[in-house]
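Colleague: Sequence first, then the predicted structure, then my questions.
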Amino acid sequence: MDFSRTRISFDRKLSSYSKVQQAIGHLVRNRRLFYTKVPPAAYVNLGCGPNILNSFINVDYQWLPGLDICCDITRGIPIGDEIAGGIYSEHCLEHLTLEQCRFVLRECHRMLRPKATFRIVVPDLQIYARAYVQHLDGQPITLPNEYFVNGTGVSRPVALFNELFLGSGHRFIHDHETLSSLLKEAGFADVRSCSFGTGSDARLLIDTAGRASESLYVEAIKD
C-alpha cells in the first residue's frame, strides 16, 4: 500500500482532503446559515465543481474551499427573484434527469434580472452522433475526448458513447433542439446558439478550452 496517499502532511491545508470536504459538505449543504449573501446583479457559476471563480457566486452540491453556496439545486436555488446579473453553467445539467433539469431552468429564469443572460455548456449529443455515423460509413473521424477511451479493448466510438451516457453520473444528454425547447418552456423567449468563446455577455465567456470539441453552447436571455 502507498501510505503517502493517506498520510497527513502538515504542509497541506486540512480542507484540501477529500474526506474533510465531504464531511463539511454534509454539515453545510442546504443550510442557509452557511450561504454567502448574494448581492444584486451578482454573476452565478452554477454547478461549478472545482472551477471556482472569485468574481462569481459559486454554487455546487459538493463543498470545496471558496464555494459560496453548497446546496442541492434540484431542491431550489437559494437566490432571490431577479437578483442575478448573469448565470454560467458548464457541464452541469447533464447530471440532472429531464424533470430535474426542467425545474432548475425555471429557477434560473426566476432569479435572473430582465435582459440578463444564462449561458449553458453541456455535452452535445449531435457531435457524438455525427461522429458515430461517419465511423459507420467508413469515414475518418476525430472523436471528442478520445482520452476517455484509450485501452478499453472495444471500438472507440462505442466506448465513447457509453462514457457519454453512463460515465461521470450523466443522467440526460442534450442536443440544441431539446435544450432550446426546455429553455423556452422555462420562460426564456430569446434562445440563441453560440460557440466556444463567443456570446452576448463578455463576463460569461469563461468556457473551458478542453471541452470545446464535445460541447453545445446555448444562451438564453430573459425578457
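Modeller: Happy to help now that I have it.

Colleague: what's residue 25 in contact with, if anything?
Modeller: By CB atoms under 8 Å, 6 or more residues apart in numbering, the residues touching residue 25 are 61-63, 70. Placement of C-beta: from N, CA and C, glycine included.

Colleague: Closest to residue 17 out of these?
Modeller: Minimum distance to residue 17 across these is 12.1 Å, recorded for residue 63 (CB to CB).

Colleague: and the residue nearest to that closest one when sequence neighbours are not counted, backbone torsions?
Modeller: Among residues not flanking residue 63 along the chain, residue 25 sits closest, at 3.5 Å (CB to CB, 6 or more residues apart in numbering). Here is the backbone geometry of residue 25 (degrees, to the nearest 10): phi -60, psi -40.

Colleague: that older thread, pick out the most distant pair among the contacts of residue 25.
Modeller: Greatest spacing in the contacts of residue 25, by CB to CB: 61 and 63 (8.4 Å).

Colleague: higher neighbour count, these two?
Modeller: More crowded of residue 61 and residue 63, by other CB atoms under 10 Å: residue 63, with 21 against 17.

Colleague: what about that one, which helix or strand?
Modeller: Secondary structure assignment for residue 63, by DSSP states H and E: no helix or strand.

Colleague: ok, now the one 3 residues further on?
Modeller: Using DSSP H and E, no element contains residue 66; it sits outside every helix and strand.

Colleague: So it versus residue 25, what's the distance?
Modeller: Going from residue 66 to residue 25 by CB to CB, to the nearest Å gives 13 Å.

Colleague: Do you have the strands of this structure handy? List them.
Modeller: In the chain, the segments counted as strands under DSSP state E are 43-46, 57-60, 69-70, 84-90, 112-123, 190-194, 215-221.

Colleague: What strands flank the third one, and is each parallel or antiparallel?
Modeller: Spelled out, it's strand 69-70. Strand 69-70 pairs in its sheet with strand 57-60 (parallel), by DSSP bridges.

Colleague: Need the mean per-residue confidence for the partner strand.
Modeller: The pLDDT scores in strand 57-60 average 98.

Colleague: May I see the buried residues of that strand?
Modeller: Using 16 or more other CB atoms under 10 Å as the test for burial, strand 57-60 gives 57-60.

Colleague: Please apply the same query to stretch 155-164.
Modeller: Buried residues in stretch 155-164 (16+ other CB under 10 Å): 156-157, 159-161, 163-164.

Colleague: Then stretch 196-213?
Modeller: Buried residues in stretch 196-213 (16+ other CB under 10 Å): 199-201, 204, 206-207, 211.

Colleague: Contacts for stretch 204-215 next, please.
Modeller: By CB under 8 Å, 6+ apart, stretch 204-215 touches 43, 51, 53, 86-88, 90-91, 117, 119, 121-124, 127-128, 142, 144-145, 196-199, 217, 219.
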